[in-house]
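**Student:** just to be clear, the model below is a prediction. Sequence and coordinates:
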Amino acid sequence: MTDKTPIVVMKGITIEFPGVKALDGVDLTLYPGEVHALMGENGAGKSTMIKALTGVYKIDAGSITVEGKPQSFNGTLDAQNAGIATVYQEVNLCTNLSVGENVMLGHEKRGPFGIDWKKTHEAAKTYLAQMGLESIDPHTPLSSISIAMQQLVAIARAMVINAKVLILDEPTSSLDANEVQDLFKIMRKVRDSGVAILFVSHFLDQIYEITDRLTILRNGKFIKEVMTKDTPRDELIGMMIGKSAAELSQIGAKKSRREIEPGEKPLVEVKGLGKKGTINPVDLDIYKGEVVGFAGLLGSGRTELGRLLFGADKPDSGTYEFNGKKVNISDPYTALKNKIAYSTENRRDEGIIGDLTVRQNMLIALQATRGMFNPIPKKEADAIVDKYMEELNVRPRDPDRPIKNLSGGNQQKVLIGRWLATHPELLILDEPTRGIDIGAKAEIQQVVLDLAAKGMGVVFISSELEEVVRLSDDIEVLKDRHKIAEIENGDTVSQATIVETIANTNVNGKEA
Amino acid sequence: MAEKAKEEGNALVKKLLGNNLTWSIVAFILLVVICTIFQHDFLALSWNTNTGGLAGPLITMLQESARYLMIATGMTLVISTAGIDLSVGSVMAVAGAAAMQSLSNGVNVWVAILIALLVGLVIGCVNGALVSLLGLQPFITTLIMMLAGRGIAKVITSGENTDASAVAGNEPLKWIANGFILGIPANFVIAVVIVILVGLLCRKTAMGMMIEAVGINQEASRMTGIKPKKILFLVYAVSGFLAAIAGLFATASVMRVDVVKTGQDLEMYAILAVVIGGTSLLGGKFSLAGSAVGAVIIAMIRKTIITLGINAEATPAFFAVVVIVICVMQAPKIHNLGAAMKRKRALKAQAKAVAA
Amino acid sequence: MTTATANKVKAPKKGFKLDRQMIPTLAAVVIFLLMIIMGQALFGTYIRLGFISSLFIDHAYLIILAVAMTLPILTGGIDLSVGAIVAITAVVGLKLANAGVPAVLVMVIMLLIGAVFGLLAGTLIEEFNMQPFIATLSTMFLARGIASIISTDSLTFPDNNNFAFIANEIKIIDNPKISNDLSFNVGVIIALVVVVYGYIFLHHTRTGRTIYAIGGSRSSAELMGLPVKRTQYTIYLTSAILAALASIVYTANIGSAKNTVGVGWELDAVASVVIGGTIITGGFGYVLGSVLGALVRSILDPLTSDFGVPAEWTTIVVGLMILVFVVLQRAVMAVGEKK
Amino acid sequence: ACGSSSAGGSSNGGKKTVGFVAVGPEGGFRTANENDIKAAFKDAGFDLVYSPTQNNDQQKQIQAFNKFVNDEVDAIILSSTEDSGWDDSLKKAAEAEIPVFTVDRNVEVKDADAKKAIVSHIGPSNEWAGQQAAEFVNKNFPDGANGFILEGPAGLSVVKDRGTGWSDKVASNIKVLESQSANWSTDEAKTVTAGLLDKYKSENPQFIFAQNDEMGLGAAQAVDAAGLKGKVKIITIDGTKNALQALVDGDLSYVIEYNPIFGKETAQAVKDYLDGKKVEKDIQIESKTFDATSAKEALDNNSRAY
Ligand SMILES: Nc1ncnc2c1ncn2[C@@H]1O[C@H](COP(=O)(O)OP(=O)(O)OP(=O)(O)O)[C@@H](O)[C@H]1O
Ligand SMILES: Nc1ncnc2c1ncn2[C@@H]1O[C@H](COP(=O)(O)OP(=O)(O)OP(=O)(O)O)[C@@H](O)[C@H]1O
Ligand SMILES: [Mg+2]
Ligand SMILES: [Mg+2]
């Protein structure tokens, strides 16, 4: 393989942002026909490295050569013209346009009278089909499909440019097993056609399944380039987090089942809670100290149910009892007032408030519940911020920079901190570990268990069945926007159990 | 040690260069210098016995700047929520009309002032309601109010330019616009005090942060329990109220409202002031101090036009040129020129090395 | 996999979103017709051919400006300089015409001047990241200023060298009574051509689609590898040149020009665009809507005067009408969203 | 299609319909003038349809004019913001045989047919007013003086005419230190004047010619604030009550009336024409000039309608 001439060579790349050296003399070499992974913790510099290559960020030192020619691109357009197709970490599409248009933007098929929409949409359809989205009509407005599906659309878009280099920054972060397999099928096809693929993911299984070569970063420094096949897991983890894998002992921490005493009143008791078009009526009990997992395929309605519980959407049916008293959770404010918190799956659009600092982002929810004119005393505020920066190990440890400048994973941690700061009794986490590195993921899972142990009710929504099964006491299974089953977790329950349930049950709860 | 000090020094310089405020102040000083060159006693201050205050070009400039300070402050909050308030100019006219008309109808001066402020507040609230409750677009909503406002002013005075200069007992109002506090124009002092109050209100409570949050990402703000609608309503109401004060300043200085001219085009000046002050029209982070400086700069530009005796035909062009220069001065591209050059050279060198 | 995708999406009714985006525009059509009918019912003059004719002839310029304004607004920008560009091109144009420069050449020069200001705006926006509002506000002041520096007289075309051929009315139906003549002129044709151009540009060119993309999210558009910068230049160039074109049509109609021409026209244009259902923050909207908006905007004034609205109240009433209009649209859209 | 209607045709109750293409209520002269015209036509038993423009936009006037032609009104009163650009519309009027009466501002017409449409012009003269101002200054400062001119917005033909009038008559030894626009606005005039007084302290300015009352009143306040009351003579044009009052109080020195009260004359002219009587082509409305004493009289026997 190495005898091939590299297509991309990045040497000594250094990028400084005010206050951080995001990259410090990092090297990266891509060969045609191989899948190369950038490995590193949240904030290690993977996305920055990618943006350096495509010219989104200007490099302060180092050199980039593509096919032997020195290059310094002025943004994605340039890179694209040089045959580099990129799917960035945060989905970047236009929500005001249709799915099909998003796929084809800039590459619309043209006829004698300018763009030929018929041809264009047909083309879009084939590209979408590649990603297993044949069921989406290209005319569907992008705004009406889930983050996960948007991510697939973004990848489909990258396929339109038949590129020499394909860059995928955490494409699998919100996909479920099936989609991932689909994606890998395509990646292999593309790779075999001689394209160099640069891939980022925090899932080691995926790394070992798909990649040939790894470049490991830590805190913006280049650690090592290795072949995947001859690098054992814990060595890799060691290189990534700088301590031996053993110290990640918590990984695999398992919830010790919370038994419910007979006659105990549930923390949350909803009956027939639903909203036309988004989720059909659901009955649900959540007890103090219990972790309830929502499992289901993409679009199954997990998020919708979570949003209803938080009042982000107004339910149009059902009753809602919290701590034994009837409540009308009509909007997030009342939810928070009732000590219900919800951490969104859509970090960029519904989570972070980009230009505000990490501190402000952490405190704002608590502040909102206290009311505008009752500011949090400085001391108290500092205490809270320090506490969660520490506990959630947010990096960099500087609360006064804009949150938008944090790496994806660290933004997620800050948001979790925001909700914990409101001391909720019910915490709804929608894809909380999405895009989080193994270390941090373990930390967050631990946090969830600790909170439950302290008596908080937790709803845990995740596309990773593995963690759902491991952390939950009860698993609500959703399909097609119906709750189809409630599985009491136990040693007999495994991921397979749930997959089967989904496959074999149809929406009205009967065996298929 | 010395190294470190030096480094910090550089960092500070960088910070300053990056900061709009710095450039606004530079611009202001430049204007003053230019004026002083043309009119050597431009900075001269004398004590005017029959007004009982300081007199001189700068003083009249400050006197005029008061109204800009008011509308610019309101505009800052509105713009921070990613909105815009084109109606401030008209609101000034309405408030002025209300005050002058009621005065000349024999209403007590304080009541007249109160009426004017209320009228402004009400219009602001209407804007707020339309934008927040009905979810109309700020631009068109306030554009409508800008049209209608003129009409309302005309209705109030039945098309006349009501003159209350002769009305007995109008002194307090007259004083607000023409009087002096410790030799400094009263309206300027009042304006500055109000700006500071608003500033404290924003920064000492969570109001400022919440306004910014709504401006940056309304949906995300809603998810944190903020009530965006309330915030939106609030800022437009405030803007209307402050515009009313500006209207009082503008009309009281001559104790006469001009239904067409009072406040005409001032919404544009206010927006300019805000942008010069470093608040983005896209909403988000805002700087009241910046807007205040911006407001004074606007007054200063107008002063410069008079001082340089630029004739009527050329004034708009001159105004445009100054604004463009200021904005270009603030463009990051300009600040980073040096750095960019250095980087380019370095990279070229490396590229060569690699190629070789 | 198939199971997964199968229940991933219940494919929604086809073109549903398209309809919803069109609702405000359709509302514009309906309300416009209602206004005509009301005017006719009350005053009996609104469907006279003469009225229809002059509605188009007198507002060809506004239709052009509305199309021009649509482009920047679709990106969430704005071009406040159109009115001033009309003024400066008109003044320069007539100066040249009087200096004996042949009319056709004059028109070319006028368009070029427009282009210069468009280019300036584009540069300020893209190179010195000034916000469109401020950039075009400056170019507006600049254009007005230069116009008045050049001349503050009201200039008239020399008889032998003018744009008359654009203004000369072509009668389709010639009745004894002028008020029943159906006529149009080259100006109207130009306006219609501009509309068609606008439609094709926005819906059948990649640049056009990029405009919508920028309106959706500029940063996304950039990261999607779209030529954002180039497009921005194109937009402000186009809007400025169209403004110059509007100036040609207008000066041709009234055969004279003045540095004070076009004060406040930019706002009329914006109003037209918004009435036409384009969202000021960008991303959604249609040229056709803007045209209707222009017609609606133009019919408001005659209505107010026929209603005998007292002088002081006219602007209030006009304002209220626009308000009612946008509120209605909002309502219709809300209903649409509910579904 | 065209049934009977308030605007449409003379068909309604024999009452003649007159279209008034107006500028709009802008205070001072304008409001007084338009109200007077409206009142006069009402008294004369006409049905007057009033159509103002916005910020002096000629286009809206043209639109209104053409509409009146289509409405087949019996006559059109045109109070134009611009003195040119009316040929096409007037041609239409001529074709429709609708008589046009221009008031206040006269319009220049090239086209022959277009000329036919205009029956008569009614209004005072701006040049005359400007000349009076010059005459007054000449008389009061026989051995020369320095001063300023406060103009209206650059480009309006009123501004030009009043300016021309001034420069036609003003003596060579009268030095205008600077002409600045104060946009017809009292409050701007105050700032501008204050600035000018600062700037030209040394030249000791002795007069200010403000092209309308509004600006004059502003200037007066600036002069007063600078402690120069009486030392600087202020001349204004229009003759609104406020100005006359100020004249009496000694804030102003001379006010030239620009008489807005000619509704009666206009209505009469229209009536005569429609009754087939002969109407003069140019009906000059003569205006007065005021000094403190005559102003006092005028105010006392309050003959002032505005
Ligand atoms: N625009 C920016 N301004 C300032 N700092 C930035 C900016 N972008 C990234 N950084 C910093 O650079 C470092 C690397 O960020 P990057 O996004 O590359 O991490 P990452 O490896 O992609 O992490 P993740 O796995 O969470 O995506 C982080 O410390 C981040 O705070
Ligand atoms: N038929 C459909 N048409 C368009 N969008 C759909 C459709 N079905 C589902 N979606 C979108 O997909 C998502 C399905 O809901 P939801 O996100 O709760 O599912 P999920 O199981 O949480 O999937 P995810 O893992 O993406 O969160 C929603 O965002 C919804 O807008
Ligand atoms: Mg990343
Ligand atoms: Mg979800």
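**Tutor:** Yes, it's here. Ligands and ions are numbered 1, 2, ... in the order given.

**Student:** how about the residues of chain B by chain A?
**Tutor:** Taking C-beta under 8 Å from any C-beta of the partner chain as the contact definition, chain B meets chain A at B:204-207, B:209-210, B:212-213, B:216-217, B:219-227, B:284-285, B:343, B:346-347, B:350-351, B:353-355. (C-beta placed from N, C-alpha, C; glycine too.)

**Student:** report the buried members of those residues.
**Tutor:** For those, a neighbour count by 16 or more other C-beta atoms under 10 Å in any protein chain shown gives the buried set as B:205-207, B:209-210, B:212-213, B:216-217, B:220-227, B:284-285, B:343, B:347, B:350-351, B:354.

**Student:** who's in contact with the nearest residue to A:Gly114 once chain neighbours are set aside?
**Tutor:** Using C-beta to C-beta, 6 or more residues apart in numbering or on different chains and skipping the chain neighbours, the partner closest in space to A:Gly114 is C:His204 (3.1 Å). Counting by C-beta atoms under 8 Å, 6 or more residues apart in numbering or on different chains, C:His204 touches A:113-115.

**Student:** between those residues, which sits nearest ligand 2?
**Tutor:** Ligand 2 lies nearest to A:Ile115 out of the contacts of C:His204, by C-beta to the nearest ligand atom, at 24.6 Å.

**Student:** what distance do you get for the closest one to C:Val326?
**Tutor:** With distances taken as C-beta to C-beta, to the nearest Å, A:Ile115 is found 31 Å from C:Val326.

**Student:** now do B:Gln218
**Tutor:** Distance, B:Gln218 to C:Val326, by C-beta to C-beta: 20 Å.

**Student:** what's stretch B:190-210 in contact with?
**Tutor:** So stretch B:190-210 is contacted by A:356, A:360, A:364, A:367-368, A:370, A:372-376, B:65-67, B:69-70, B:73, B:77, B:176, B:211, B:221, B:226, B:231, B:234, B:238, B:242, B:245, B:249, B:286, B:288-289, B:292 (C-beta under 8 Å, 6+ apart).

**Student:** highest neighbour count among the contacts of C:His204?
**Tutor:** A:Ile115 (20 neighbours; other C-beta atoms under 10 Å in any protein chain shown).

**Student:** quick check: phi and psi on it?
**Tutor:** Recorded main-chain torsions at A:Ile115 are phi -60, psi 130, according to degrees, to the nearest 10.

**Student:** who is it paired with across the strands?
**Tutor:** Note on A:Ile115: beta-bridge partners by DSSP bridges are A:Arg110.

**Student:** can you flag the buried ones in the contacts of stretch B:190-210?
**Tutor:** Buried among these (16+ other C-beta under 10 Å): A:356, A:360, A:364, A:367-368, A:372, A:375-376, B:65-67, B:69-70, B:73, B:77, B:176, B:211, B:221, B:226, B:231, B:234, B:238, B:242, B:245, B:249, B:286, B:288-289, B:292.

**Student:** out of the residues you listed, which are inside helices?
**Tutor:** Members of the buried ones among the contacts of stretch B:190-210 lying in helices (criterion: DSSP state H): A:360, A:364, A:367-368, B:65-67, B:69-70, B:73, B:77, B:176, B:211, B:221, B:231, B:234, B:238, B:242, B:245, B:249, B:288-289, B:292.

**Student:** report the buried residues of stretch C:228-236.
**Tutor:** Neighbour-count burial for stretch C:228-236 [16+ other C-beta under 10 Å]: C:228-229, C:231-236.

**Student:** return the mean pLDDT over that stretch, rounded to an integer.
**Tutor:** Average pLDDT, stretch C:228-236: 96.

**Student:** now do the SS call for A:Leu38.
**Tutor:** Following DSSP: H, G, I helix; E, B strand; the rest coil, A:Leu38 is assigned to strand.

**Student:** need the pLDDT of B:Pro185.
**Tutor:** Among the per-residue scores, B:Pro185 holds a pLDDT of 93.

**Student:** what about it, neighbour count?
**Tutor:** Number of residues near B:Pro185 (other C-beta under 10 Å) recorded here: 27.

**Student:** spit out the contact partners of the closest residue to it other than its chain neighbours.
**Tutor:** Spatially, and ignoring its direct neighbours in sequence, B:Pro185 is nearest to B:Gln63 (4.4 Å; C-beta to C-beta, 6+ apart). Counting by C-beta under 8 Å, 6+ apart, B:Gln63 touches B:177-178, B:185, B:187-188, B:253.

**Student:** residue of chain B nearest ligand 4, please.
**Tutor:** For chain B and ligand 4, the shortest gap (C-beta to the ion) falls at B:Met223, measuring 14.3 Å.

**Student:** centre-most residue in the chain?
**Tutor:** Going with chain A. Against the mean C-alpha coordinate of chain A, by C-alpha atoms, centre = their mean, the closest residue is A:Arg434 at 3.1 Å.

**Student:** think we crossed wires, I meant chain C
**Tutor:** Geometric centre of chain C, nearest residue: C:Ala66, 0.7 Å, by C-alpha atoms, centre = their mean.

**Student:** in what element of secondary structure is that one found?
**Tutor:** Per DSSP states H and E: C:Ala66 is located in helix C:49-74.

**Student:** list the contacts of residue 210.
**Tutor:** Just going to use chain A. If you count contacts by C-beta under 8 Å, 6+ apart, A:Ile210 has them with A:35, A:184, A:187-188, A:199.

**Student:** sorry, should have said chain D
**Tutor:** Under the criterion of C-beta under 8 Å, 6+ apart, the contact list for D:Ala210 reads D:149-150, D:182, D:189, D:216, D:218-219, D:234-237.

**Student:** I'd guess A:Met10 is in a strand, am I close?
**Tutor:** Yes: counting by three-state DSSP, A:Met10 falls inside a strand.

**Student:** what's the burial count for it?
**Tutor:** Counted with other C-beta under 10 Å, A:Met10 comes out at 23.

**Student:** need the helices for the stretch 401-512 of chain A, in chain order.
**Tutor:** Counting by DSSP state H, counting those that start in this stretch, one finds helices in the stretch 401-512 of chain A at the ranges A:408-420, A:438-453, A:465-471, A:495-504.

**Student:** same question for the stretch 201-350 of chain A.
**Tutor:** Under DSSP H, counting those that start in this stretch, the stretch 201-350 of chain A gives helices at A:204-210, A:233-241, A:302-310, A:332-337.

**Student:** same question for chain D.
**Tutor:** Applying DSSP H to chain D gives helices spanning D:28-43, D:58-71, D:87-95, D:112-117, D:126-140, D:157-169, D:186-199, D:213-225, D:241-249, D:263-274, D:292-300.

**Student:** how about the contacts made by the nearest residue to B:Cys125 once chain neighbours are set aside?
**Tutor:** The shortest distance from B:Cys125 to any residue other than its chain neighbours is 4.9 Å, reached at B:Ala237 (C-beta to C-beta, 6+ apart). B:Ala237 is in contact with B:121, B:124-125, B:127-128, counting by C-beta under 8 Å, 6+ apart.

**Student:** that'll do, ta.
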